[in-house]
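Student: Could you look at this predicted model? Sequence included:
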Amino acid sequence: MAWLLSPAANIQVYLIFGLGFEPFTHGRVWQLLSYALLHANASHLFTNVIMLVYSGRKIQHILGRRRCAEFILVGALAGGIFHLGESWLLHANGAPSTTLVGISGAVFALLCGYCTLSPTSRFFPLPVKAINLRNGIIIASSLLMLSHPQLAIPGISQLGKWFFQHTLQDVYMISHSCHLGGALAGTFLANWSQRIALPARLKTRQADR
């Protein structure tokens, strides 16, 4: 993976395959998917793989492998699109562009998808229902994305300035827009899967009569 390469090659890999607003708008459209295959470091990769396997197995158990693959693909795409949208706004405000890497968009799609499909489940050791966890993820990701100081949104940007004043600027080293995009995509796919599954079950029951 990326961290095994030399520093110079490392940078080139990120520039070519990581998702950046300017490279994407100049024709590197493959970045909308390839970014998910790169990670910042070993701990970033390890965390995402653990969560991907954990959430993916739950989705696969309920909906099957094909649907699970759809969650991963659509989650990665949605995460990338949301990141590009935020990057466009930051670029318009004169902020420097950033490069996105990591499959967390797909991870959040799987996690929030499962929370939607099994709303009363609980994730040990968190003492909350799955549906509340999903809602918390969406709300927190939205607030953190919108509070970015360089977006300069009246009122909410004060939260971002507070983070910077208290040396918590690393909060914005994370693409909350990517997490939000994945979470919303997973929620949508889960709701859509439930809607198409119910008529299919009814048809099966009628055929068995």
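Tutor: In hand now; what should we look at? Remember, predicted model here, so these are calculated numbers, not experimental data. Numbering: from 1, shown residues only.
Student: hey, let's count contacts and neighbours off CA atoms from now on
Tutor: OK.
Student: I'd like to know how far the residue most central in space within the chain sits from K161.
Tutor: Nearest to the mean C-alpha position of the chain, by C-alpha atoms, centre = their mean, lies G105 at 2.1 Å. G105 sits 26 Å away from K161, going by C-alpha to C-alpha, to the nearest Å.
Student: Likewise for V74?
Tutor: 33 Å.
Student: same question, L90
Tutor: Counting by C-alpha to C-alpha - L90 and K161 are separated by 15 Å.
Student: just T116 next, same as before
Tutor: 33 Å.
Student: So what touches stretch 43-56?
Tutor: H39, C68, G102, I103, S104, A106, V107, L110, L111, Y114 (C-alpha atoms under 8 Å, 6 or more residues apart in numbering).
Student: ditto for stretch 133-148
Tutor: Applying C-alpha under 8 Å, 6+ apart, the contact partners of stretch 133-148 are 111-112, 115-116, 153, 156-161, 172, 175-177, 179-180, 183-184.
Student: got any ranges where this structure has weak pLDDT?
Tutor: Residue ranges of the chain with pLDDT under 70: 1-9, 166-169, 197-209.
Student: Let me see the ranges of the helices in it.
Tutor: Assigned by DSSP state H, the chain shows helices spanning 7-17, 21-25, 31-34, 42-63, 65-92, 104-117, 130-146, 157-165, 176-208.
Student: ok, T116 and K161, which is more surrounded?
Tutor: A side-by-side neighbour count of T116 and K161, using other C-alpha atoms under 10 Å, places T116 first with 24 against 18.
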